[in-house]
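1. Requesting a structural model of the entry that follows:
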Amino acid sequence: MKRTPTLEQFARLREHLSALNPIFERFCREYGYVERTTALGRYPRRYIRRSTEVNLFFDLQMDLDDEGEYFQQFDPSLPYSMGAGAGMDIGLERHSIIFMCFQKLPFFDVEKKLWNFLIEGHSKMSGWNKDYLLKEGKKSPIAKAN
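-> Below you'll find the predicted structure:
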């Protein structure tokens, strides 16, 4: 059984994500997204969101190994997956549509193809409005805060 990486190991494991900064920064600037930098956990991840009546997001994460464990060291061949979606809350219900942009793509390919995946995903979601989410979206309850 592998040990969970230490905070320092997680920090080193995330360092390579800085190679994606120019792509994320340009996309966010051009399409009105903002990167969330807190509450992402320790494992390598990037999350961007555009907040409007219908909130759009992209969530890029390093996958786990074949045993479902954290990778311990970075290698450019390690797999990443990116999901995207749109959602809105009405009362105590969330209406959302989530899809995968790609799965198990080696990081060296993520670097090369990320811009195109972001553009394709944004194009897919950009026409989704409140009526579309109410009709086509998955409905789920939102937990009430105490």
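2. Contacts only, for G85.
-> Residues near G85 by C-beta atoms under 8 Å, 6 or more residues apart in numbering: L56, F57, S96, I97, I98, F99, M125. Where you see a C-beta, it was placed from the backbone N, CA and C, and this is true even at glycine.
3. In ChimeraX, select just the buried ones from those residues.
-> Filtering the contacts of G85 down to the buried ones (16 or more other C-beta atoms under 10 Å) takes a single ChimeraX command:
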select :56,57,96,97,125
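4. As TSV, the contacts of G85 with distance to K113 would be great.
-> Below are the contacts of G85 laid out as TSV (distance: C-beta to C-beta, whole Å):
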residue	distance to K113
L56	20
F57	19
S96	25
I97	22
I98	20
F99	17
M125	18
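5. if I look at the closest residue to D75 other than its chain neighbours, how far off is E30?
-> Nearest residue to D75, sequence neighbours excluded (C-beta to C-beta, 6 or more residues apart in numbering): F107, at 8.0 Å. F107 sits 23 Å away from E30, going by C-beta to C-beta, to the nearest Å.
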